[in-house]
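Trainee: Mind looking at a prediction? Sequence and model below.
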Amino acid sequence: MQQQDQILPRIGFIGAGRVAKGLAWGMAQGGQRVGAAASRSPASAEQLAARIAGCRAAANAQDVVDRSDLVFVTVPDDAIAAVAASLKWREGVAVIHCSGATEVAVLEPAARAGAQIGGFHPLQLFADAEVALAGLPGCTIAIEAEAPLLSQLEQLARALRCRTLRLPPGCRARYHVAAHYAAGFVITLLNQAVELWQSFGIEREDTIRALLPLLRGTAASVERSGLAQGLAGTYSRGDIGTVEKHLAELARVGPDALHLYCELALRSIPLGLERGGYDEHRAEAMRVLLRRALKP
């Protein structure tokens, strides 16, 4: 074990919120050497450190830098640049942020001091650190770095039992937008469904309980069969009569609900065509209905 400790890099965290806790606890469970954490909230740093043998709540962020070989900056996105610019970095240390949307170049002050810089973004929801920790195995971590840090971060992801995805420079905002469509915006759409059911008297919690199995089944279908073959319902079959009923009902609900439906439906038609559920003639008939409904 002593020899292993000499080989493993010392890992530290600046910021001790949900992302830091989930990653730090997961790394420690994977046999990594997590040694220090600092936070504006001392209680958060102490909570992170308490579950990891040999980890301490550092007095400040500079203390983490001085004690670590790999420093994970897990502060809110808007604070990353300020953290990078405010600390004394050194050659041989690596500085990694965990933001999906922020470019790695924001860490340039550390690079000018001789540090390696990189990005390490888990494609996982971190609304709760415990849930995120349980969900880390099997998820994908998007990594951006140059050698030798790149291979080091990929090895760290494997210790977390995660898949890896290499991101090229300059694409993080687009990558992050796409992730929202598969995560947060799914909840937004679920909320739209809840509001529609509430409008005819179904209680919110009853609606969520009814729709969650449908949501899980949809994800399982995509995992099993792919996007096009996983599509089900009206736009997998080209049910024009049902489309007309939907549009008429949503016109009574209001323009916002109608507009959202039409935009989503128009983007479902190419998948229905790919699936082989109908021909181009039927697809165009649905497009005409949807575009007409979008007109003021």
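Mentor: Yep, that arrived. From a predicted model like this one, the values you see are computed outputs, not experimental measurements.
Trainee: my read is Val95 is in a strand, agree?
Mentor: Yes: counting by DSSP: H, G, I helix; E, B strand; the rest coil, Val95 falls inside a strand.
Trainee: That one: what's it in contact with?
Mentor: Each residue near Val95 by Cβ atoms under 8 Å, 6 or more residues apart in numbering is listed here: 71, 73, 84, 89, 107, 110, 115-118. Just so you know, the C-beta spots here come from the backbone N, C-alpha and C atoms, and that holds for glycine as well.
Trainee: Any chance of those residues in a markdown table with neighbour count as columns?
Mentor: Compiled in a markdown table, those are given as follows (neighbours: other Cβ atoms under 10 Å):
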| residue | neighbour count |
| --- | --- |
| Val71 | 28 |
| Val73 | 28 |
| Ala84 | 23 |
| Trp89 | 22 |
| Leu107 | 27 |
| Ala110 | 25 |
| Ala115 | 22 |
| Gln116 | 23 |
| Ile117 | 24 |
| Gly118 | 21 |
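Trainee: Can you flag which of the residues you listed belong to strands?
Mentor: Residues from the contacts of Val95 lying in strands, with DSSP state E as the criterion: 71, 73, 116-118.
Trainee: Same list, those residues, but as TSV with pLDDT please.
Mentor: Output for the ones in strands among the contacts of Val95, formatted as TSV (pLDDT from 0 to 100):
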residue	pLDDT
Val71	99
Val73	99
Gln116	98
Ile117	99
Gly118	99
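Trainee: CSV please, covering these and showing distance to Ala228.
Mentor: Listed next are the ones in strands among the contacts of Val95 as CSV, based on distance: Cβ to Cβ, whole Å:
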residue, distance to Ala228
Val71, 43
Val73, 40
Gln116, 41
Ile117, 39
Gly118, 35
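Trainee: Can you pick out the most distant pair from the residues you listed?
Mentor: Val73 and Gln116 (13.2 Å; Cβ to Cβ).
Trainee: which other residues reach stretch 286-296?
Mentor: Residues contacting stretch 286-296 (Cβ under 8 Å, 6+ apart): 235, 238, 240, 243-244, 247, 251, 258-259, 262-263, 265-266, 269.
Trainee: actually stretch 183-195, sorry about that
Mentor: The contact list for stretch 183-195 (Cβ under 8 Å, 6+ apart) reads 125, 204, 207-208, 211, 215, 257, 260, 264.
Trainee: and it, C-alpha only, in PDB?
Mentor: Provided in PDB are the C-alpha atoms of stretch 183-195 (Å, rounded to 0.1, in the frame of the first residue of the first chain):
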ATOM      1  CA  ALA A 183     -31.300  15.600 -19.100                       C
ATOM      2  CA  GLY A 184     -32.700  18.900 -17.800                       C
ATOM      3  CA  PHE A 185     -35.000  19.500 -20.700                       C
ATOM      4  CA  VAL A 186     -36.500  16.100 -20.300                       C
ATOM      5  CA  ILE A 187     -37.700  17.200 -16.900                       C
ATOM      6  CA  THR A 188     -39.000  20.400 -18.500                       C
ATOM      7  CA  LEU A 189     -41.000  18.400 -21.000                       C
ATOM      8  CA  LEU A 190     -42.300  16.100 -18.200                       C
ATOM      9  CA  ASN A 191     -43.500  19.200 -16.400                       C
ATOM     10  CA  GLN A 192     -45.400  20.200 -19.500                       C
ATOM     11  CA  ALA A 193     -47.100  16.800 -19.500                       C
ATOM     12  CA  VAL A 194     -47.900  17.200 -15.800                       C
ATOM     13  CA  GLU A 195     -49.500  20.600 -16.400                       C
END
